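K.L.:
here is my input; please provide its structure:
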Amino acid sequence: MPHPLQALRTLPEMRISLAQKISFLLAAVLSSTMAFAEGTRTWQQAKFEELVKGTPNGVALLSNGGLELAPAFKTVATLPSTYVWAIASDPAGNVYAATGSPARVYRITPDGQSTPIFDPQELQVQSLLVDKRGVVFAATSPDGKVYRLEASKAPAPAPAASDTSSKPAAGSWSATPYFDPGTKYIWDIVLDDSGTMYVATGDHGEIYKITPSGQHSLFFKSDEVHIRVLALDPKGNLIAGSDGSGLIYRISPSGDAFVLYSAPKKEITALALDTAGNIYAAGVGEKRPGIAPLGLIMPAVAAPAQIQTGAAAPPLNPGVTPAGPIVAPFPAPGLGATGGSEIYRIAPDGAPARVWSSREDLVYALGFDRRGRLLAGTGNRGHVFAINGVDDFTDLLKASGSQITAFAGAPGGGLYASSSNLGKIFLLGPGPGTEGTYESDVFDAKVFSRWGRAKIRSSGNAELFARSGNVDNPDRNWSPWTKVDSLTGSELKVPAARFLQWKVVLHAGNPEPRMESVLLYYLPKNVAPQIDEIIPQPGYRYQPIPHVTGTEPPAPGQPRFDPPPPSIRDHDSIGIRWSAHDDNDDQLEYALYYRGDGESRWLLLKDHLSDRYYSFDASLLPDGGYTARVVVTDAPSHSPGEALQDDKESARFEVDSTPPAITALVATQEGNQVHVHFRATDSFSTVKRAEFSLDAGDWQFVEPVDQLSDSTTEDYDFRVPLPASTPAAASAAQVSNDHVVVVRAYDRFDNLATAKVVVKGK
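P.N.:
Next up is the predicted model:
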């Protein structure tokens, strides 16, 4: 008897060539494959998120995409101390550094010569400043003081025996105590135009005022634990930032305080004021439970007594460097905070706004360059950012130190910058460097590829280079850097390979050089797709997965996600699902075949499948054993003759949709019992179980004669007790003594057969 699907097209024997096997598929799908051809691919880099993965050297990354020359940047001095907490410069261009581990004040000349001028017994020199006469004031912590450092023409006298608090580290400088606040920490000091000093302290959140004559008094006491940073506005108001609730105060010369803003972050680490009167503040750290960050940027207008506060934890230790944590000898401001950082701008009318944020970088210093741009020195990657506007910034450079901690003016409009972990002084030039390079991250095409042309958007003097290789490390025998000549069509004259990298070199000139985007074309070598697994599931039917129109295919090299189809139990269906992959990420098409036991020809069940599953009516196949075969082709992504395919066979599975037959059903009454005999026979599978019901009673299991259900034919012979008649029933002349016996049998695939017999009563 022929198969019901015998009229379908058949696949030739497996000995046939791959090209012949897919010829009939190509003819059917040619018109559609041209619309989905994916041979030539592109790799483009233009966005900040893409460019930040590369390695700049003298090149700045723009937040809105592109590259430009960074300011000239060089190391002026490497100091013996690990931490540089603050720097200040004098009119001659000398820079002074407040350091820790060990605690020193260094004087660094413009040519990089560094000399220690102060060596206190405290653990850290936390802050310093230089007044108009060149006198240096240095604040130490913990349990520290403010010292006055002056250069002297004659050798400094030896300190008195009663004064063991400090000693000058060089004979040409003298150090004398200037102010002792009697608190645990001194975080910052500033001088106003009259020479009055303000000292921000920790443990009690106090600010002290010292007049030029040396008289001191408590100027302001907050309900925060630490006053971290200070600045002065053009009207002589003191701006102060706290640690605990992240408050920014404006304090008048008379000492009246007003909270300008309660930041979402817990600690204000830096302040800066521009010429227009805007206040910039950097906040780091997450507020502890109980002080919820503001969801909206809103000014705080409460009087000091109404400010929400509480005991705050002391500032955290220095942050983690790429080589691991370095523990500071005492609590260090801001370092080690988690949760990223933000920069806020408070306008002259008091309106605040967030202008920059980062989940990775912590802001330790704020300053302005020659162009008036706000600069942010950060850790723990040692980056300097230029803030151009709200969420508009430039990643200017990366220093060799882990944290950029301070800025100070330098001759010619430049800026000095300091770093911790390692303690260094840098010079940030007022203009761009003469040359900068940028190397992209290594691109993995996933398979061996041929590299085509480059499409470059640039201005000024910008040169593009490329190299390729077959290992992911460019230092392991890649091709040399080859210049991409725009005059010859911007061809990448690099060997075909799996990996590629590009490099741009920017040269100073007019117009200023800039690289906006690089687009590279490549053609992956086609690799045949592969069928990984085939799973037949008789008795299941799949629900179609909705296809969302307009969705983008995954990017090259990104895996495609094919969720398993939802399935429901359906005795009358057969489901077959499979998994496949393609190293080129090509669009794939499938054809499903089957072959019965003992047959040599594969019969086509369904072709042009894009889904990786198919279910059909089980009655289309006669009972028996079968093997499924899936053929996959990448023809939808390639021109005719270029497509490749693969095929795989499933494990054997069985189909049985025919119920067993019940024959020789006989039932007779023997006294108070019914004797029943019947035979159950299935054409393919074993008879699994049988049951009976007497007079519409419950179904009861019955064993075969040999007590083993292991054959396609089973005989059943059993006796059933009849229920005893009640006196009322026996006296009723109209009650019938006939009995109905119903039997049913199941095969191994739960196909069901039933039969009944009437037993005449006696």
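
K.L.:
so how far is stretch 701-717 from its chain's centroid?
P.N.:
How far stretch 701-717 lies from its chain's middle: 63 Å, per CA atoms, centre = their mean, to the nearest Å.

K.L.:
could we number from 45 for the rest of this?
P.N.:
Sure thing, new numbering starts at 45, so read that last one as stretch 745-761.

K.L.:
contacts for that stretch?
P.N.:
Residues from elsewhere that reach stretch 745-761 (CB atoms under 8 Å, 6 or more residues apart in numbering): 719-736, 762, 787, 789. C-beta: built from backbone N, CA, C; applies to glycine.

K.L.:
average model confidence for that stretch?
P.N.:
Per-residue pLDDT over stretch 745-761 has a mean of 95.

K.L.:
equivalent analysis for stretch 551-561, please.
P.N.:
Stretch 551-561 comes out with an average pLDDT of 94.

K.L.:
check stretch 279-297 too.
P.N.:
Averaging pLDDT along stretch 279-297 gives 96.

K.L.:
that stretch spans what distance, first to last residue?
P.N.:
Distance between the two ends of stretch 279-297: 9 Å, counting by CA to CA, to the nearest Å.

K.L.:
would you mark the buried spots in it?
P.N.:
Across stretch 279-297, burial judged by 16 or more other CB atoms under 10 Å covers 281-295.

K.L.:
check stretch 475-494 too.
P.N.:
Neighbour-count burial for stretch 475-494, counted by 16+ other CB under 10 Å, picks out 475-477, 480-484, 486-487, 489-491, 493-494.

K.L.:
now list the buried members of the contacts of stretch 745-761.
P.N.:
Using 16+ other CB under 10 Å as the burial test, these include 719-726, 728-734, 736, 762, 787, 789 as buried.

K.L.:
how much space separates V179 from G258?
P.N.:
V179 is 13 Å from G258, where distance means CB to CB, to the nearest Å.

K.L.:
quick check on those two: which one has the bigger neighbour count.
P.N.:
Neighbours per residue, other CB atoms under 10 Å: of V179 and G258, the larger number sits with V179, 16 against 10.

K.L.:
list the contacts for that one?
P.N.:
For V179, the contacting residues are 192-194, by CB under 8 Å, 6+ apart.

K.L.:
in JSON lines, list these along with secondary structure, neighbour count and pLDDT.
P.N.:
Formatted as JSON lines, the contacts of V179 follow (DSSP: H, G, I helix; E, B strand; the rest coil; neighbours: other CB atoms under 10 Å; pLDDT from 0 to 100):
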{"residue": "R192", "secondary structure": "strand", "neighbour count": "16", "pLDDT": "96"}
{"residue": "L193", "secondary structure": "strand", "neighbour count": "24", "pLDDT": "96"}
{"residue": "E194", "secondary structure": "strand", "neighbour count": "16", "pLDDT": "94"}
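
K.L.:
which other helices and strands contact the top strand by length along the chain?
P.N.:
Longest strand in the chain by number of residues (criterion: DSSP state E): strand 487-503. Contact here means 3 or more CB pairs under 8 Å, 6 or more residues apart in numbering; DSSP states H and E; on that basis strand 487-503 packs against strand 85-89, strand 505-513, strand 541-551, strand 558-568.

K.L.:
so who does the residue nearest to E535 when sequence neighbours are not counted touch?
P.N.:
Using CB to CB, 6 or more residues apart in numbering and skipping residues adjacent in sequence, the residue nearest E535 is R497, 5.5 Å away. By CB under 8 Å, 6+ apart, the contact set of R497 is 533-536, 564-565.

K.L.:
could you do G669 as well?
P.N.:
G669 sits next to 640-641, 696-699 when contact means CB under 8 Å, 6+ apart.

K.L.:
any of those buried? List them.
P.N.:
Applying 16+ other CB under 10 Å to those flags 697, 699 as buried.

K.L.:
looking at the contacts of G669, spot the one nearest A307.
P.N.:
F697 (66.4 Å; CB to CB).

K.L.:
what does the closest one show for phi and psi?
P.N.:
phi -140, psi 160 (degrees, to the nearest 10).

K.L.:
now it: how far from Y584?
P.N.:
12 Å.

K.L.:
show me the shaky parts of the stretch 345-494 of the chain.
P.N.:
Within the stretch 345-494 of the chain, the segments meeting pLDDT under 70 span 345-382.

K.L.:
which stretches of it form strands?
P.N.:
Assigned by DSSP state E, counting those that start in this stretch, the stretch 345-494 of the chain shows strands spanning 364-365, 368-369, 385-390, 396-402, 406-412, 418-423, 427-433, 436-442, 447-453, 459-464, 468-476, 479-483, 487-503.

K.L.:
reformat these into JSON lines and put distance to R148 next to each item.
P.N.:
Rendered in JSON lines, the data for these read as follows (distance: least, CB to CB, whole Å):
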{"stretch": "strand 364-365", "distance to R148": "21"}
{"stretch": "strand 368-369", "distance to R148": "23"}
{"stretch": "strand 385-390", "distance to R148": "28"}
{"stretch": "strand 396-402", "distance to R148": "31"}
{"stretch": "strand 406-412", "distance to R148": "19"}
{"stretch": "strand 418-423", "distance to R148": "21"}
{"stretch": "strand 427-433", "distance to R148": "24"}
{"stretch": "strand 436-442", "distance to R148": "26"}
{"stretch": "strand 447-453", "distance to R148": "15"}
{"stretch": "strand 459-464", "distance to R148": "13"}
{"stretch": "strand 468-476", "distance to R148": "13"}
{"stretch": "strand 479-483", "distance to R148": "34"}
{"stretch": "strand 487-503", "distance to R148": "47"}
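
K.L.:
quick one: closest of these to N795.
P.N.:
Nearest to N795, of all the strands of the stretch 345-494 of the chain, is strand 487-503, at 49.0 Å by CB to CB.

K.L.:
on that earlier part again, for the strands of the stretch 345-494 of the chain, which one ends up most surrounded?
P.N.:
A comparison of those by mean neighbour count, using mean count of other CB atoms under 10 Å, puts strand 459-464 on top with a mean of 28.

K.L.:
that one to strand 447-453, inter-axis angle?
P.N.:
Strand 459-464 and strand 447-453 meet at an angle of 150 degrees, taking axes from the mean of the first three to the mean of the last three CA atoms, to 10 degrees as the criterion.

K.L.:
three-state assignment of A740?
P.N.:
On the three-state scheme (DSSP: H, G, I helix; E, B strand; the rest coil), A740 is labelled coil.

K.L.:
excluding its backbone neighbours, what's nearest D485?
P.N.:
Counting by CB to CB, 6+ apart, the nearest residue to D485 once its immediate chain neighbours are dropped is K97, at 4.0 Å.

K.L.:
and what of E686?
P.N.:
Distances taken as CB to CB, 6+ apart put N570 closest to E686, at 6.3 Å, once the chain neighbours are dropped.

K.L.:
could you give the number of residues near the one you found?
P.N.:
N570 has 18 nearby residues by other CB under 10 Å.

K.L.:
also the one 10 residues further on?
P.N.:
Residue neighbour count, defined by other CB under 10 Å, stands at 20 for P580.

K.L.:
I'd guess it is in a helix, am I close?
P.N.:
No. Counting by three-state DSSP, P580 is not found in a helix; it is strand.

K.L.:
that one contacts S694, correct?
P.N.:
Yes. Proximity of P580 to S694 meets the contact threshold set by CB atoms under 8 Å, at 5.3 Å.

K.L.:
can you pull the residues that touch both of these two?
P.N.:
Taking CB under 8 Å, 6+ apart as the criterion, P580 and S694 both touch 620, 672.

K.L.:
thought L766 was touching V718?
P.N.:
Yes. In terms of CB under 8 Å, L766 counts as a neighbour of V718; the distance is 6.3 Å.

K.L.:
of these two, which one has the most company?
P.N.:
Taking neighbours as other CB under 10 Å, L766 and V718 compare with V718 leading, 21 against 18.

K.L.:
tell me the SS of that one?
P.N.:
Using three-state DSSP, the structure places V718 in strand.

K.L.:
quick one: pLDDT of it?
P.N.:
For V718, pLDDT reads 94.

K.L.:
contacting residues around it?
P.N.:
With CB under 8 Å, 6+ apart, V718 has these contacts: 711-712, 738, 763-764, 766, 783, 785, 803.
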